[in-house]
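Asker: sequence first, then the predicted structure:
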Amino acid sequence: MKVMLLVMGEQRVILDRLYEIVQQNCDECIIYRLTKEQQLKLGPFLASVDYQSFDRVVIFSRVKRLLPQLNVLKCIPGLIFLEHDAYQNYMPNSKYRTAYSRLYSALPWCRALVSGAVVARRLVDEGIDAVFVSKGYDEKMLHNLGGPRDIPIGFLGSLKSKEYAQRKAILESLAARTGMLVARTKSGDEYLRMLNRIKVFVSADIGMGEFMIKNFEAMACGCVLLAYSQGEEDRLLGFEDMHNTVFYRTEEEALEKLQMLQDDPELAERIARNGQAFAESRYSFARVGADLAAEIQRPMRPWPQPSAVTRLLVKLRHGLKVAG
């Protein structure tokens, strides 16, 4: 099977190893890193690479860039979306609420590989071919260095996005009450070394319904993960409170559990150790990438050939020829 993997060239998170693992686990896979301009104009790019010679075309882009291009997307058999932000489809205050449902429903043969187990189930209930494949972490880049941890409590990451308003509020409040470090770092070695200095990593994915990539990265680097509970998602992903993770549902509960960890260093060490083993066994890119490749190559729903009008439009506007 021949696979085309179209990914974003400008991402802050480094996912190169994930793409490489997908490539290694496919019969044949060619990776294209698209500029923002190319993502906004998929038609001319697809025409330039003979897209019809591929059995699968996997697109990892932003929903706001894809929705205006439905006519082009309708012309792609074997169309698969790789998506890490589909939780926004169900966030009441997100500007992308229902956007993912609208995109996938308009392309009924497509498959959506989404990173939330509950999100996948809700999309399936809407009649969409949605499959859960978790986020993960780059095990070649991020690991426990085994050194001293001189930062008792910390968070590394951005607080700027509107979707992160609740995260920002609770982290800033916890920082004011505990002295917790809240900082940003460059990806790569600086991020690795900072994670390895933090004893308890505080995650605050509030209102998202799924776990962001930082949870897996912190665990793999040997931090105790103090995470906001995502309800049913906790169990579905294998997280266990006070075993491999520490969960909280309110700011006061977070403070209580932080005190518990500080009062019992052996407990904290045990949870950190279990969490690291958990991340390494289930959420490395080696594991996640292989799962993605398997789902990409699985049989799909039949492609309904687009209308003659759609075929003519994409040929005139984008130079895209469609068989039929």
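Answerer: Perfect, thanks for sending it.

Asker: now do the helices in the stretch 151-300 of the chain.
Answerer: Taking DSSP state H, counting those that start in this stretch, the helices of the stretch 151-300 of the chain run over residues 165-178, 189-195, 213-220, 232-237, 251-263, 265-282, 285-297.

Asker: deepest-packed of those helices, please.
Answerer: By mean neighbour count, with neighbours taken as mean count of other C-beta atoms under 10 Å, helix 213-220 ranks first of the helices of the stretch 151-300 of the chain at a mean of 26. (Each C-beta comes from the backbone N, C-alpha and C, glycine too.)

Asker: for that one, name the packing helices and strands.
Answerer: Using 3 or more C-beta pairs under 8 Å, 6 or more residues apart in numbering; DSSP states H and E, the elements in contact with helix 213-220 are helix 189-195, strand 198-202, strand 224-228, helix 265-282.

Asker: contact partners for Leu267?
Answerer: When contacts are counted by C-beta atoms under 8 Å, 6 or more residues apart in numbering, Leu267 is found next to Met242, Met260, Leu261.

Asker: apart from its neighbours in sequence, what residue is nearest the most centrally placed residue in the chain?
Answerer: The residue lying closest to the centre of the chain (C-alpha atoms, centre = their mean) is His84, at 3.2 Å. The shortest distance from His84 to any non-neighbouring residue, by C-beta to C-beta, 6 or more residues apart in numbering, is to Ser115 (4.9 Å).

Asker: do you know the pLDDT at the one you found?
Answerer: For Ser115, the pLDDT comes out at 96.

Asker: just the CA atoms of the helix or strand of the chain with the lowest mean pLDDT, as CSV, please.
Answerer: For the chain, the helix or strand with the lowest mean confidence is helix 308-318, at a mean of 87 (criterion: mean pLDDT, DSSP states H and E). What follows is the C-alpha trace of helix 308-318 in CSV, where atoms were taken according to Å, rounded to 0.1, in the frame of the first residue of the first chain:
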residue,chain,number,x,y,z
ALA,A,308,-19.0,16.2,-12.7
VAL,A,309,-19.5,19.8,-11.6
THR,A,310,-17.1,19.4,-8.6
ARG,A,311,-14.5,17.7,-10.9
LEU,A,312,-14.7,20.5,-13.4
LEU,A,313,-14.4,23.2,-10.7
VAL,A,314,-11.2,21.7,-9.1
LYS,A,315,-9.7,21.2,-12.6
LEU,A,316,-10.3,24.8,-13.6
ARG,A,317,-9.4,26.4,-10.2
HIS,A,318,-6.6,24.1,-9.0
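
Asker: of all the residues in that helix, which ones are buried?
Answerer: Thr310, Arg311, Leu313, Val314, His318 (16 or more other C-beta atoms under 10 Å).

Asker: which residues touch the residue nearest to His84?
Answerer: Neighbour list for Ser115: Glu83, His84, Ala86, Tyr87, Phe132, Val133, Ser134, Lys135, Glu210 [criterion: C-beta under 8 Å, 6+ apart].

Asker: rewinding a little: can you tell me which of the contacts of Leu267 lies closest to Phe278?
Answerer: Within the set of those, Met242 lies nearest Phe278; the separation is 13.1 Å, counting by C-beta to C-beta.

Asker: okay, now the domains of this protein?
Answerer: Domains of the chain are assigned by automatic domain parsing as 2-136+286-318, 151-283.

Asker: tell me where the model's unsure across this structure.
Answerer: With pLDDT under 70 as the threshold, the chain has low-confidence stretches at 12, 161-164, 324.

Asker: done for today, thanks.
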